[in-house]
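> What shape does this take:
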Amino acid sequence: MIYIVSPGGTQEKGGMGRVVDNFTTDLRQNCPDVKFEVVDSYGPGKFHLMPLYFARATARLAGCFVAGKADLVHIHMAEYGSVLRKGILIAMARAFGVPVVLHLHGGRFPKHFKDSSPIMRWAIRRMMAMTSEIVVLGEFWRDWVAEAFGPEARQRTTLLHNAVPGPVKPPVRDDAEDGFSGPVRLLFLGRLIKLKGIDVLLNALASPACRDRNWQVTIAGDGDLETYRSLATELGIADRVTFTGWLDQTGCRRELANAHVLVQPSMFEGLPMSVLEAMAEGLTIVATPVGSVPDAIADGETGLLVPPGDVAALADTLSRVIDDRTLRRNLGAGARARWERQFDVAVFRERLLEIYRRNARGSLSTTPAVPAGPVPASGPTGHSKSTTG
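Below is the predicted model of the structure:
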């Protein structure tokens, strides 16, 4: 049995929960021989309930370890409190000789590690050393693991890009038709916090470069809605901005299918699911080159990149894509083509099964029910199987 540990399980509202939901749903459909259980280590997002959920997860895993049921633990980790909780679980797994695959998602983990006390940095290094394999979201994170934890950690590090399901064919949008004169529909998907760059986006849209152009923007996500509603009003663009609040995956897909351009103006990221979902839908993407975003967005080929926090650069780039239908079409086609090669959930499945095979105790049946998708050229770092003994 493989135990997949994730905060919120498959119901967590952020990108980590969507990753886990995507690949576990895919495994159930396409690899029914793979036996796994998702263990929620945090609960439904209310902090005061977290200790109860974590205690329950710890007890569940301990019982399975004692009974010898666990072939592998696949732990998904962010930063700050997540590191402490997952460190406890990793140490417990090691005590029972259960291999651990640690999957890093936290965009702020490098800052957390840098700002930690010497004792905490030592503890994090020990935690990383207990793992059988470390999974990262992109080249930036693989380089950071080597810098922070040394060459031995790099040898156990595998690059596995996030992945999303997508339509067989992207929708044909109304702006592809001759004579289209409607507003270009912009979309933001994510939490409404300052680090996601919402204020930068609103200020860019209110600037002279964009104000008089024909656009509408939908901002989808939970967080500090009132602050950004007030900012849109202050900037005089509230009548062109729609705030939806949090959306489930059905709602997100509806907004993606209806939009022309996804804007991701974040100050930090791992590898944002919204960007990958927009690629699957053949959308034009304007993003910041933070975290592993450049692994997906090649400037001028699969999207356009702007420096984080640069209002003027974002405004100029948005004005280009609003004005140029041909540019939007070409970037959307390039994004969709790269998603098919590299970020389809079928590609993720085959790469993940390789990781499971080389780390699990004993034999692991991973025969797919349907043929797996193609594996991208940038495969995992070659290394022999590690143990936790």
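> how about the nearest residue to L104, chain neighbours excluded?
The shortest distance from L104 to any non-neighbouring residue, by CB to CB, 6 or more residues apart in numbering, is to V136 (5.3 Å). The way it works is simple: take the backbone N, C-alpha and C, and place the C-beta from them, glycine included.
> For that neighbour, grab phi and psi.
In terms of degrees, to the nearest 10, the main-chain angles of V136 are phi -120, psi 160.
> you'd agree it is up against V145?
Yes: if you go by CB atoms under 8 Å, V136 and V145 touch, sitting 6.1 Å apart.
> Specify the beta-bridge partners of the residue nearest to L104.
V136 forms beta bridges with L159, as assigned by DSSP bridges.
> hmm, back to that, out of V136 and V145, which sits in the more crowded spot?
For V136 versus V145, the count of surrounding residues by other CB atoms under 10 Å is larger for V136: 24 against 20.
> Let me know the pLDDT of that one.
We have a pLDDT of 95 for V136.
> Renumber starting at 43 from here on
Will do, 43 is the new start, and the previous item becomes V178.
> and P250, how many neighbours does it have?
Using other CB under 10 Å: P250 sits among 8 other residues.
> Check G342 too.
The tally of other residues near G342 (other CB under 10 Å) stands at 12.
> how close does the closest residue to it other than its chain neighbours sit to H302?
Excluding its sequence neighbours, the residue lying closest to G342 (CB to CB, 6+ apart) is L373, at 8.0 Å. Applying CB to CB, to the nearest Å, the value for L373 to H302 is 11 Å.
> overlap in contacts of the two?
Between them, L373 and H302 share these contacting residues under CB atoms under 8 Å, 6 or more residues apart in numbering: T326.
> for the helix or strand hosting the residue nearest to G342, packing partners?
Here L373, judged by DSSP states H and E, is contained in helix 367-380. Using 3 or more CB pairs under 8 Å, 6 or more residues apart in numbering; DSSP states H and E as the contact test, the elements touching helix 367-380 are helix 315-322, strand 326-329, helix 353-365.
> Need these in CSV (columns: mean pLDDT).
As requested, the helices and strands packed on helix 367-380 are arranged in CSV below (pLDDT from 0 to 100):
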stretch, mean pLDDT
helix 315-322, 94
strand 326-329, 98
helix 353-365, 97
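> nearest to R198, of these?
Each of the helices and strands packed on helix 367-380 has some distance to R198 by CB to CB; the shortest is helix 315-322, at 25.3 Å.
> Using PDB, list the CA coordinates for that closest one.
Only the C-alpha atoms of helix 315-322 are listed here, as PDB (Å, rounded to 0.1, in the frame of the first residue of the first chain):
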ATOM      1  CA  MET A 315      -1.700  25.000 -11.600                       C
ATOM      2  CA  SER A 316      -3.500  27.900 -13.100                       C
ATOM      3  CA  VAL A 317      -0.800  28.300 -15.700                       C
ATOM      4  CA  LEU A 318      -0.900  24.600 -16.600                       C
ATOM      5  CA  GLU A 319      -4.700  24.600 -16.800                       C
ATOM      6  CA  ALA A 320      -4.500  27.600 -19.100                       C
ATOM      7  CA  MET A 321      -2.000  25.900 -21.300                       C
ATOM      8  CA  ALA A 322      -4.300  22.900 -21.600                       C
END
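> Quick one: list the elements packing against that helix.
Secondary elements touching helix 315-322 (3+ CB pairs under 8 Å, 6+ apart): helix 57-72, strand 226-231, helix 291-300, strand 303-306, strand 326-329, helix 335-338, helix 367-380.
> With distance to F96 as new columns, can these be given to me in a markdown table?
Listed next are the helices and strands packed on helix 315-322 as a markdown table, based on distance: least, CB to CB, whole Å:
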| stretch | distance to F96 |
| --- | --- |
| helix 57-72 | 16 |
| strand 226-231 | 29 |
| helix 291-300 | 26 |
| strand 303-306 | 31 |
| strand 326-329 | 34 |
| helix 335-338 | 31 |
| helix 367-380 | 38 |
